[in-house]
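Engineer: This is a predicted model, with the sequence first.
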Amino acid sequence: MTIARSTGACAFAVLVAAGPAQTRAQPVPEVEFARLLNIFIVQTGLGLLRSGIELTYDGVSSDPRSGELAVSGLRLRPKLPHDTGRDCEIGIARLTLADGGRFDRVDGLLSLGGVTVPAACLEPGPAAMASTFGYSVIEAENVAIEVAYDFASSALTLDIVASVARAADVTVAADFDYFWLQGVALDQEMSEDAVEDAEPVAILRGAEITLENRGLFEALEPLIGQQLGDPAAVPALVQAGLIQVLSGEGTRTPTAEELAFVEELSGEVGRFVADRDRLVVTLAPEAPVRLTEEMFEDPAAIVAALAPSAGSAPAARSAILDPALLSQLGEDADALDPATRLAVGRALVTGIGAPRALGAGIALLAPMAEAGDGAAALLVAEAAAAAGETEDAYRHALLALSAGKSEAVAIADSMEAGLDLDTILALQAAVTGTVAADGLLSAGDIGGMATLAERLATGHGGPRSYESALYWATLASAGGDRAAAALVRRLDNRFARRPEEAARWAEASRIASERALETWVAGGLAARVSVE
């Protein structure tokens, strides 16, 4: 989505530049620009997709403000070797794509509603089996694919939820410390061969697969009865099959851990068969695991590395808070110890373990944030940003940075786009104040001053303050540090060239320069640097 937007923006700029002079003299309003850009992206995307698969659709709509695109009445007809009669036509009543619109990460949600897949789309064997069990057309009421990818760390979270009518709800959730495809360049044609040659690099933190019965077991029950006589025999069959696989067809003896997993899984399958409710398989390694091709060729290696377990409830259920804690959100909140208060606040902000309630979460965590708790400040910043409280989100992002939470840099950057310079500098001054580093001054440490200035300008590793950054960068630049001189130019380029901010930045520059000059001369810094 980010690459598509960049490509679309370049193409749109070329079209505008090539247009008549009157068009160039009339700037396109921001919302209209976004609307036209979305149209370009949809048309380009559908055109590229159509080059690989036959498709038609009823209509396309876009909402530039939310960044949401929708396609209705989508029909896909893939060319499949076994579908000689061309009977495979996949229908999607509505496809919706939403993106968070950030440069540093992808927050994408693909929703598919009213999906129909004829059995003809499957291989002949599975197709015949599906038809036998009454699924001549597989219908998914809703399919949602949510992706959150951080470009800085290459961390990925993936959630897939599919509700198959008269069958099951299937949920797949995976959390990767690192995920990418090596060997695929951005300028390389994404051919089938190119994708096959790419080597995925995946470091898994954890995953969970949930199967919730919505009629699938009832459809399969007649066959199970014919094959086994009694559905109660299913667990023993599963247990025998797993042991055979883990023993390498009798070439090795399964470990105690492997046998424990087999017993747990077969027991949960028995419960699932009896209750016809839900089966959950969880992968929870003690530390993130690099996935390799060799690992998946050895079932015993999978069990040893990924520590699978089986149960009846998703892990999120275990995070559900005790209702008694939620009842203390009023005047009794102060009675909660800091760790519990943070846990309750996190649940309210994220919606995991308790219903999402941003206001209540902010109220609970804000006093902790003010007292210097970086984790609480980060959560409040995220909640305030989600609630559209730009100033409050920025202020708490600054508090989080001051407490060493560099994760708040992205929030601070995002919120600054909606604030004027007066507000930005005022909030920085209120949170950070004047940054003193007498040790650097007494030692005449020009390199240390340059490092401090850069940290203050970004917030990586400490608080953010543009005025303090300018002061320290001015001193380091006077001592001959070229990086500090470049930082001064960067700050000036960012603020001094904007007509609406130039006067305020000029005032900040004047104050920083006067302070720096006083430190340089009256403070004796010049003499200490000269002696070196």
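Structural biologist: Here it is on my side, so go on.
Engineer: can you pull out the strands in the stretch 301-450 of the chain?
Structural biologist: Using DSSP state E, counting those that start in this stretch, the strands of the stretch 301-450 of the chain run over residues 308-311.
Engineer: correct me, but Pro231 touches Leu220?
Structural biologist: No: using Cβ atoms under 8 Å, Pro231 makes no contact with Leu220, being 9.3 Å away. C-beta: built from backbone N, CA, C; applies to glycine.
Engineer: Not counting sequence-adjacent ones, nearest residue to Pro299?
Structural biologist: Closest residue to Pro299 apart from its sequence neighbours, by Cβ to Cβ, 6 or more residues apart in numbering: Val245 at 5.1 Å.
Engineer: Tell me how far the helix or strand where that neighbour lies lies from the chain's centre.
Structural biologist: Assigned by DSSP states H and E, Val245 belongs to helix 234-246. How far helix 234-246 lies from its chain's middle: 37 Å, per Cα atoms, centre = their mean, to the nearest Å.
Engineer: so after that helix, what's the next helix or strand?
Structural biologist: Counting by DSSP H and E, the next helix or strand C-terminal to helix 234-246 is helix 256-275.
Engineer: pLDDT of that next one, averaged?
Structural biologist: Regarding helix 256-275, the rounded mean pLDDT is 92.
Engineer: Alpha carbons of that helix, as PDB, please.
Structural biologist: The C-alpha trace of helix 256-275 is given here as PDB (Å, rounded to 0.1, in the frame of the first residue of the first chain):
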ATOM      1  CA  ALA A 256       8.800 -36.900  27.000                       C
ATOM      2  CA  GLU A 257       7.900 -33.400  25.700                       C
ATOM      3  CA  GLU A 258       6.600 -34.800  22.400                       C
ATOM      4  CA  LEU A 259       4.500 -37.500  24.200                       C
ATOM      5  CA  ALA A 260       3.100 -34.800  26.500                       C
ATOM      6  CA  PHE A 261       2.000 -32.700  23.500                       C
ATOM      7  CA  VAL A 262       0.500 -35.800  21.800                       C
ATOM      8  CA  GLU A 263      -1.500 -36.600  25.000                       C
ATOM      9  CA  GLU A 264      -2.700 -33.000  25.400                       C
ATOM     10  CA  LEU A 265      -3.700 -32.600  21.800                       C
ATOM     11  CA  SER A 266      -5.500 -36.000  21.600                       C
ATOM     12  CA  GLY A 267      -7.300 -35.200  24.800                       C
ATOM     13  CA  GLU A 268      -8.500 -31.800  23.500                       C
ATOM     14  CA  VAL A 269      -9.600 -33.500  20.200                       C
ATOM     15  CA  GLY A 270     -11.700 -35.800  22.300                       C
ATOM     16  CA  ARG A 271     -13.200 -32.900  24.200                       C
ATOM     17  CA  PHE A 272     -13.800 -31.100  20.900                       C
ATOM     18  CA  VAL A 273     -15.600 -34.200  19.400                       C
ATOM     19  CA  ALA A 274     -17.800 -34.500  22.500                       C
ATOM     20  CA  ASP A 275     -18.600 -30.800  23.000                       C
END
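Engineer: Give the other helices and strands that that helix contacts.
Structural biologist: Secondary-structure packing of helix 256-275 (3 or more Cβ pairs under 8 Å, 6 or more residues apart in numbering; DSSP states H and E): helix 234-246, strand 278-283, helix 299-306, strand 308-311.
Engineer: Could you save those as TSV and add columns showing mean neighbour count and distance to Thr292?
Structural biologist: TSV is the format used below for these (neighbours: other Cβ atoms under 10 Å; distance: least, Cβ to Cβ, whole Å):
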stretch	mean neighbour count	distance to Thr292
helix 234-246	16	19
strand 278-283	19	15
helix 299-306	17	9
strand 308-311	19	17
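Engineer: Turn the ones you listed into TSV, columns for mean pLDDT and distance to Phe179.
Structural biologist: Output for those, formatted as TSV (pLDDT from 0 to 100; distance: least, Cβ to Cβ, whole Å):
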stretch	mean pLDDT	distance to Phe179
helix 234-246	90	27
strand 278-283	93	15
helix 299-306	90	16
strand 308-311	92	20
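Engineer: Go through these and name the closest to Asp492.
Structural biologist: Shortest distance between Asp492 and the helices and strands packed on helix 256-275, using Cβ to Cβ, is found for strand 278-283: 51.3 Å.
Engineer: List of residues touching the closest one?
Structural biologist: 204, 206-213, 265, 268-269, 272, 306-315 (Cβ atoms under 8 Å, 6 or more residues apart in numbering).
Engineer: Whichever of those residues end up buried, select them in ChimeraX.
Structural biologist: Selecting the buried subset of the contacts of strand 278-283 in ChimeraX, with 16 or more other Cβ atoms under 10 Å as the burial test, is done by:
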select :204,206,207,208,209,210,211,212,213,265,268,269,272,306,307,308,309,310,311,314,315
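Engineer: SS state for the residue most central in space within the chain?
Structural biologist: The residue lying closest to the centre of the chain (Cα atoms, centre = their mean) is Ala148, at 2.3 Å. Three-state assignment for Ala148 (DSSP: H, G, I helix; E, B strand; the rest coil): strand.
Engineer: so it touches Asp99, yeah?
Structural biologist: No: counting by Cβ under 8 Å, Ala148 stays clear of Asp99, with 11.0 Å between them.
Engineer: Overlap of the contact sets of these two?
Structural biologist: The contact sets of Ala148 and Asp99 overlap at 106-108 (Cβ under 8 Å, 6+ apart).
Engineer: pLDDT score for Ala307?
Structural biologist: Note for Ala307: predicted pLDDT of 92.
Engineer: Check the spacing between it and Leu158 real quick.
Structural biologist: The gap separating Ala307 from Leu158 is 20 Å, by Cβ to Cβ, to the nearest Å.
Engineer: low pLDDT regions in the stretch 301-450 of the chain?
Structural biologist: 316-319, 328, 330-332 (pLDDT under 70).
Engineer: can you count the residues close to Arg105?
Structural biologist: Arg105: 17 surrounding residues under other Cβ atoms under 10 Å.
Engineer: residues in contact with the longest helix that the chain contains?
Structural biologist: What stands out as the longest helix in the chain, according to DSSP state H, is helix 499-521. Residues from elsewhere that reach helix 499-521, judged by Cβ under 8 Å, 6+ apart: 420-422, 425, 441, 466-467, 470-471, 474-475, 478, 491-492, 495-496, 525-526.
Engineer: show me where the stretch 351-500 of the chain has helices.
Structural biologist: 358-370, 374-386, 390-402, 409-416, 421-432, 438-443, 446-458, 466-478, 482-495, 499-521 (DSSP state H, counting those that start in this stretch).
Engineer: Thr116 is nearest to which of the ones you listed?
Structural biologist: helix 374-386 (35.0 Å).
Engineer: I'd like to check the angle between the closest one and helix 390-402, please.
Structural biologist: Interaxial angle, helix 374-386 versus helix 390-402 (axes from the mean of the first three to the mean of the last three Cα atoms, to 10 degrees): 160 degrees.
Engineer: My read is that Thr423 contacts Glu391, right?
Structural biologist: Yes: using Cβ under 8 Å, Thr423 is in contact with Glu391, at 6.5 Å.
Engineer: how many other residues sit next to the spatially closest residue to Asp422 that is not a sequence neighbour?
Structural biologist: Excluding its sequence neighbours, the residue lying closest to Asp422 (Cβ to Cβ, 6+ apart) is Arg504, at 5.7 Å. Arg504: 17 surrounding residues under other Cβ under 10 Å.
Engineer: how near is Arg504 to Ala412?
Structural biologist: 19 Å.
Engineer: where are the low-confidence patches of the stretch 101-250 of the chain?
Structural biologist: The model of the stretch 101-250 of the chain has pLDDT under 70 over residues 101-104, 183-198.
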